[in-house]
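In: Mind folding the following:
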Amino acid sequence: MTESPKRPDFNHFHPILTRPQDNDLNGHIAGATVHGFFETAIQAFLIEQAELDLRAGALVGLVISSTAEFYALPAFPDVLEVGLGVTRLGGSTVEYRLALFRPGEAEACAAGTLVQVFVERTSGTPAALPEALQVILAGLQLNH
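Out: Purely as a prediction, here's the structure:
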C-alpha cells in the first residue's frame, strides 16, 4: 500500500454529497461507489471547465483503467471532496490521480488513478486531444 495523498498535492476539488445507499453492508462507502465518485469528478470538470459536450460532442472519453486504494472508511452522511490531478497527457490519453477527502482533513480516505482515452464519437477511433483541452488539463498537472 502506498502512502495516503495529502490535500496540498491537489489544486482542484469536486464536492460529493454521500447518500444512504452509498454504504455497503458493513456501513462504509462501497468501493464501486468510490470509483463512481472519481469518474463524477472528472466528468464534472470536463463539462464545467473544458466545456465538453459529453452527450453529443464529437469526442467521447472512455475509461479504460481505474484503481483505488483505501486508507480510511468514509460512510454516509460524510460530505466528501475529490481531489483531481493529471499525471500524464499523451495523444488521446489522460491519466488522472484522484483522492477522496473529508473536508478539512489533510490525508485522503481513498486514492486512485483513472485512465481515459478520447475517441471520435462516430468512428470510435482514438482522437488526439484538442489543444484547448490539453491546456485545461495541463492546469491540473501534478508535480510528482
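
In: hey, let's count contacts and neighbours off CA atoms from now on
Out: Will do.

In: which stretches of this structure form strands?
Out: Counting by DSSP state E, the chain has these strands, from start to end: 13-17, 59-70, 79-90, 93-101, 110-120.

In: residue contacts, the most centrally placed residue in the chain?
Out: Nearest to the geometric centre of the chain sits Phe38, at 3.6 Å (CA atoms, centre = their mean). Counting by CA atoms under 8 Å, 6 or more residues apart in numbering, Phe38 makes contact with 82, 98-99, 114.

In: Listing request: residues of the protein with sub-threshold pLDDT.
Out: 1, 144 (pLDDT under 70).

In: Looking at it, which helix is longest?
Out: helix 31-48 (DSSP state H).

In: Any idea how many residues pack against the closest residue in space to Glu81 that isn't next to it in sequence?
Out: Once flanking residues are discounted, Glu81 sits nearest to Pro15: 4.4 Å by CA to CA, 6 or more residues apart in numbering. When counting by other CA atoms under 10 Å, one arrives at 17 neighbours for Pro15.

In: One more: Glu3?
Out: Applying other CA under 10 Å, I find that Glu3 has 10 neighbouring residues.

In: ok, it to Thr67 distance?
Out: Distance from Glu3 to Thr67, counting by CA to CA, to the nearest Å: 15 Å.

In: now do Pro126
Out: 22 Å.

In: ditto for Leu17
Out: 21 Å.

In: now do Ala41
Out: In this view, Ala41 and Thr67 are 15 Å apart by CA to CA.

In: Likewise for Leu73?
Out: Taken as CA to CA, the span from Leu73 to Thr67 is 17 Å.

In: what does Asp53 give?
Out: For Asp53, the distance to Thr67 - CA to CA - is 26 Å.
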